[in-house]
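Colleague: everything below, folded, please.
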Amino acid sequence: MELHSQTDYELVRQYIDGQTECLEILIERYKNRVFSYIMMVVKDRELAEDIFQDTFIKVIRSLDSGSYKDDGRFGPWVMRIAHNLIIDFYRRSKHLPTVSGDDEEKCIFKTIGIYDDNAEDKWFARQSHIDLKNMIAKLPPEQCAIVKYRYVYDMSFKEIADMTGVSINTALGRMRYALINLRKMMNVTVDDE
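Modeller: Numbering: from 1, shown residues only. Sure, this is the predicted structure:
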């Protein structure tokens, strides 16, 4: 059977049995998603590369030591390792990540579209995007993370729960409170104008 068409479970089993090329396929399969997530949080390419390497070193050590319990969720497990390494970095350095309103990122809610090519509409759409990003950045860290996982990375609540180590209900609750808080911030902004 062609290695690239095998499931994560099959590749992990074969890696453990000595087929090292299976690990290369797993890394290739998840490297973009893991690196993008790390980069989104730390916003520093060098640091992101270090954490990315540490993530896969930890993956290899866990697989080699037999401590990985294969429950069919290899991807979320790798994402959780990356997430935990990011948290460890910030705890050690006592730095908090910041979000810049000047970054050219994809629209978080995919709701801001430019229907007309005139400069005023483009400016308004860009300003709305920046305002939304700034509001999301003001959310408590758990709520901010849930919004990004859901809308930037298009993760299911099950994947979010697995990666963050909380129940699906907790993830849903955090999203609910994030949306409530965003609505409140939008109302304050509208009322101030």
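
Colleague: isn't I25 right up against L3?
Modeller: Yes - look at I25 against L3 with C-beta atoms under 8 Å: they come within range, at 5.6 Å. Heads up, the C-betas are built off the backbone N, CA and C, glycines and all.

Colleague: which of these two has more residues huddled nearby?
Modeller: Higher neighbour count among I25 and L3: I25, with 18 against 13, using other C-beta atoms under 10 Å.

Colleague: chain center to the longest helix seen in the chain, what's the gap?
Modeller: Scanning the chain for the longest helix, with DSSP state H as the assignment, gives helix 168-192. When distances are taken as C-alpha atoms, centre = their mean, to the nearest Å, helix 168-192 is centred 19 Å away from the chain's centroid.

Colleague: any idea of the mean pLDDT for it?
Modeller: Helix 168-192 carries an average pLDDT of 79.

Colleague: quick one on the thing from earlier: overlap in contacts of I25 and L3?
Modeller: Common neighbours of I25 and L3, using C-beta atoms under 8 Å, 6 or more residues apart in numbering, are L11.

Colleague: pull up the gap between the closest residue to S36 other than its chain neighbours and M79, please.
Modeller: Spatial nearest neighbour of S36, excluding adjacent residues (C-beta to C-beta, 6 or more residues apart in numbering): Y153 at 7.6 Å. Noted for Y153: a distance of 9 Å to M79, by C-beta to C-beta, to the nearest Å.

Colleague: name the residue in the two with the higher neighbour count.
Modeller: M79 (25 against 15).

Colleague: so the most centrally placed residue in the chain is in which element?
Modeller: Nearest to the geometric centre of the chain sits Y37, at 4.1 Å (C-alpha atoms, centre = their mean). Per DSSP states H and E: Y37 is located in helix 21-42.

Colleague: tilt between the following helix or strand past that helix and helix 21-42?
Modeller: The element immediately downstream of helix 21-42 (helix or strand, assigned by DSSP H and E) is helix 45-65. Angle of helix 45-65 versus helix 21-42, following axes from the mean of the first three to the mean of the last three C-alpha atoms, to 10 degrees, is 140 degrees.
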